[in-house]
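Chemist: just coords:
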């Protein structure tokens, strides 16, 4: 999975938003959220239905206007240069833009016309993308005959006709079977390896864990937490290191010496609270070495994104936590 190279020399932001707000009547959908997405990375907005994910994508892709906030996409100010933003981005929603009455190839050529590509270049780009997305055999068939996964692949292929450097994928695998979902993950990884920046919205925890460099958990219009998948998992208590011994004497010595340890005398195992960080693991290993104790097995158990998601979205009073 690609990693963002934030650090001493952060990547330029492909997408940034400060104080993004949107309401419909009395309903506050986005309550002043901040986003920063480095170029060439995958950023996931994770949240339950109604959290505001799709609204954020619609605003950043110029489909609807925000009530407040400063936003830049591809170096262009959203308020003053929306046309420049549209020229730099591609958008694929959970509801396909594919026209089922015409063939896959005709859908692609229509998109090439909309991008004002010369006829020859439009045909070349169409042929390349149909091959890339494994749609050559189906190209001459009406898109209405395509499976859900094929329609989604065609949708993304159509999005790429204009060679966008930033792509918004709004729940791209909703309704797909597991095989099609995994195929879509491979496509997304391929896009990022080509240097494309991806903003992904999803309800699928596994999807965010698999693909995203950074994840923002959106709940009730606010960002409840942001960080890498590993950083978010460490926000939730319950992580531990499990040491298992075959030598009862070594087990007893370790159990007597270690603090805050949970014993399992039957399996000769000790459970030590830990956030799973490298620093804590090194500390445990150094202690075992200095005490001359050898554990036969060491395993790290950390909360998964399911735990994070439910902990952060079960209450609307969660404070924002950002992991840097």
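Modeler: Great, that's in hand. What you see is a predicted model; the values in this text were computed from it and never measured.
Chemist: For stretch 69-89, buried residues please.
Modeler: By 16 or more other Cβ atoms under 10 Å, the buried positions in stretch 69-89 come out as 69, 71-74, 76, 78, 81, 84-86, 88-89. For every residue, glycine as well, the C-beta is placed using N, CA and C.
Chemist: now do stretch 119-129
Modeler: For stretch 119-129, using 16+ other Cβ under 10 Å, the buried residues are 122, 125, 126, 129.
Chemist: And residue 111, which helix or strand is it part of?
Modeler: Element membership of residue 111, judged by DSSP states H and E, is helix 104-114.
Chemist: Mind giving me the packing neighbours of that helix?
Modeler: Contact here means 3 or more Cβ pairs under 8 Å, 6 or more residues apart in numbering; DSSP states H and E; on that basis helix 104-114 packs against helix 119-132, helix 148-159.
Chemist: Which residue lies nearest the spatial centre of this structure?
Modeler: Central residue check for the chain by Cα atoms, centre = their mean: the C-alpha nearest the mean position is that of residue 44, 2.9 Å away.
Chemist: Verify the stated contact: that one with residue 216.
Modeler: Yes - taking Cβ atoms under 8 Å as the definition, residue 44 is a contact partner of residue 216 at 7.3 Å.
Chemist: can you tell me the helix or strand for the residue nearest to residue 64 when sequence neighbours are not counted?
Modeler: In space, and not counting its chain neighbours, residue 64 is closest to residue 58: 4.6 Å by Cβ to Cβ, 6 or more residues apart in numbering. Using DSSP H and E, residue 58 sits in helix 53-60.
Chemist: Mind checking the pLDDT average for that helix?
Modeler: Average pLDDT, helix 53-60: 93.
Chemist: Repeat that for stretch 72-81.
Modeler: Computed over stretch 72-81, the average pLDDT equals 95.
Chemist: One more: stretch 157-169?
Modeler: Here the average pLDDT along stretch 157-169 is 92.
Chemist: Next: stretch 296-306.
Modeler: For stretch 296-306, mean pLDDT rounds to 81.
Chemist: where does this structure dip in pLDDT?
Modeler: 1-11, 94-96, 314-324 (pLDDT under 70).
Chemist: what ranges do the helices span in it?
Modeler: 53-60, 82-88, 104-114, 119-132, 148-159, 178-193, 205-211, 229-233, 248-257, 278-290, 305-313 (DSSP state H).
Chemist: how is the protein carved up into domains?
Modeler: Structural domains assigned to the chain are 13-98+146-229, 240-301, following automatic domain parsing.
Chemist: Ends of the last one, what's the gap?
Modeler: Distance between the two ends of domain 240-301: 5 Å, counting by Cα to Cα, to the nearest Å.
Chemist: now that domain: how far from the chain's centre is it?
Modeler: Relative to the chain's own centre, domain 240-301 is displaced by 34 Å; criterion: Cα atoms, centre = their mean, to the nearest Å.
Chemist: Equivalent analysis for the first one, please.
Modeler: For domain 13-98+146-229, the distance from its own C-alpha centre to the chain's C-alpha centre is 9 Å (Cα atoms, centre = their mean).
Chemist: sorry, back to before: including distance to residue 101, could the buried residues of stretch 119-129 go into CSV?
Modeler: Below are the buried residues of stretch 119-129 laid out as CSV (distance: Cβ to Cβ, whole Å):
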residue, distance to residue 101
122, 20
125, 22
126, 18
129, 20
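Chemist: of those, closest to residue 33?
Modeler: If you rank the buried residues of stretch 119-129 by distance to residue 33 using Cβ to Cβ, residue 129 comes first, at 33.4 Å.
Chemist: what about residue 300, distance to residue 233?
Modeler: 11 Å (Cβ to Cβ, to the nearest Å).
Chemist: which of the domains of the chain is buried the deepest?
Modeler: Of all these, domain 13-98+146-229 has the most neighbours on average by mean count of other Cβ atoms under 10 Å, namely a mean of 19.
Chemist: So for that one, first residue to last residue, what's the gap.
Modeler: The first residue of domain 13-98+146-229 is 20 Å away from its last residue (Cα to Cα).
Chemist: show me what contacts residue 277?
Modeler: residue 234 (Cβ atoms under 8 Å, 6 or more residues apart in numbering).
Chemist: cool, residue 196 as well?
Modeler: Residue 196 touches 40, 164, 165, 166, 167, counting by Cβ under 8 Å, 6+ apart.
Chemist: picking up where we left off before, need the overlap of contacts for residue 300 and residue 233.
Modeler: With Cβ under 8 Å, 6+ apart, residue 300 and residue 233 have common neighbours 239, 276.
Chemist: The residue nearest to the centre of the chain - nearest residue in space that isn't next to it in sequence?
Modeler: In this structure, residue 44 finds its nearest non-sequential neighbour in residue 212, 3.7 Å apart by Cβ to Cβ, 6+ apart.
Chemist: give me every residue that touches the one you found.
Modeler: 42, 43, 44, 200, 228, 229.
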